[in-house]
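A.B. asks: From the sequence below, what's the structure:
(one chain, ligands or ions: 3)
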Amino acid sequence: MKTTHSFLAMKEKKEPISMVTAYDFPSAQLSAAAGIDILLVGDSLGMVVLGYDSTVPVTIEDMIHHGKAVRRGAPETFIVTDMPYMSYHSSLERTMENARHLMQQTGSNALKLEGSGAVIEKIAALVEAGVPIVGHLGLTPQSAGVLGGFKVQGRDASKAQKLVDDALAIEAAGACMLVLECVPHQVTKLVTEALTIPVIGIGAGQEADGQVLVYHDLLSYGFHHVPKFVKQYATVSHDMVRGLKQFHEEVKAAHFPQSEHSFTMKDEEVEALYGGKS
Ligand SMILES: Nc1nc(=O)c2c([nH]1)NC[C@@H]1CN(c3ccc(C(=O)N[C@@H](CCC(=O)O)C(=O)O)cc3)CN21
Ligand SMILES: CC(C)C(=O)C(=O)O
Ligand SMILES: [Mg+2]
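C.D. replies: Ligands and ions are numbered 1, 2, ... in the order given. Predicted coordinates for the structure are as follows:
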């Protein structure tokens, strides 16, 4: 199992880090088989596998349900789990209880929290309590309502400087890694050079220490909206619909199942059952 120290060493050696989201047992198995460095049980599961139009409806219970399945599918992989909407914004006590449930019930290696400001002190307290924390800046989807949608962040110099300052504050609070989402690549370069901890980009250009994409986006699995920054490495929906259609047609035509898909009784048992009537 890789550790937070492995990822620090990879940054130092300029060895890029690969991360992909996983939401269930098979996506975890396939990603582990592909040798992906880190799995992210992202709250994007609300949009990609539960069909909501944002990550806001996702609960701690949802994250635990999916996180447990991902751990069963990838017992040897470093797993990061998102703390969902408003689960780390009220009291410090509730934040700590939510984090404890997520860590103890899913067997995750780290938790990810979006944003800066008041979140910085939550990060510090969690790290103090022994929870490895990943920060998340730029486009923070849990705040999409406030940001005015899923929009590129840090496009002007003052907003970009604030991102660098926030990233430094997250590192100072003890975070072991930072996800940087949907920012211009020049901003990613500044943040990545300013930090000692690895920066994992999504829609943030080449300059990050690693890259993350949503599993269903890079495989083109499902008919959801795919952001512009995604590269599609496979088109599995196409194959899956073709297979499903063929099954449907073969059932309708009574071409499935054939004898090789059926079970048979011994002749004497058939005889006993039918009493010679067959
Ligand atoms: N399927 C999926 N992939 C993701 O990467 C993802 C999610 N869902 N859900 C949670 C967040 C939301 N994310 C998103 C969603 C949409 C855009 C998007 O459509 N962006 C516009 C660009 C907007 C602009 O120009 O400012 C685009 O056309 O790609 C970006 C990030 C990233 N995350
Ligand atoms: C897009 C990534 C970084 C994420 O937070 C998620 O999948 O929920
Ligand atoms: Mg997320």
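A.B. asks: List the contacts of the closest residue to ligand 3 within the stretch 101-250 of the chain.
C.D. replies: Scanning the stretch 101-250 of the chain for the residue nearest ligand 3 gives P141, at 5.9 Å (criterion: CB to the ion). All C-beta spots, glycine's among them, are computed from the backbone N, C-alpha and C. Neighbour list for P141: 43-44, 54-55, 114, 150, 181 [criterion: CB atoms under 8 Å, 6 or more residues apart in numbering].
A.B. asks: repeat that with 6 Å
C.D. replies: P141 makes contact with T55, according to CB atoms under 6 Å, 6 or more residues apart in numbering.
A.B. asks: got it, and V214?
C.D. replies: 21, 44.
A.B. asks: follow-up on the earlier one: kindly give the local confidence score, pLDDT, for the residue of the stretch 101-250 of the chain closest to ligand 3.
C.D. replies: With respect to pLDDT, P141 scores 98.
A.B. asks: Got the phi and psi for it?
C.D. replies: phi -60, psi -30 (degrees, to the nearest 10).
A.B. asks: Could you list the buried residues of whatever helix or strand E269 lives in?
C.D. replies: Assigned by DSSP states H and E, E269 belongs to helix 267-274. Across helix 267-274, burial judged by 16 or more other CB atoms under 10 Å covers no residue at all.
A.B. asks: Over to stretch 183-199?
C.D. replies: Within stretch 183-199, the residues scored as buried using 16+ other CB under 10 Å are 183-184, 187-192, 195, 197-199.
A.B. asks: Equivalent analysis for stretch 21-40, please.
C.D. replies: For stretch 21-40, by 16+ other CB under 10 Å, it's 21-25, 27-28, 30-32, 36-40.
A.B. asks: can you check stretch 89-105 too?
C.D. replies: Within stretch 89-105, the residues that count as buried by 16+ other CB under 10 Å are 95-96, 98-99, 102-103, 105.
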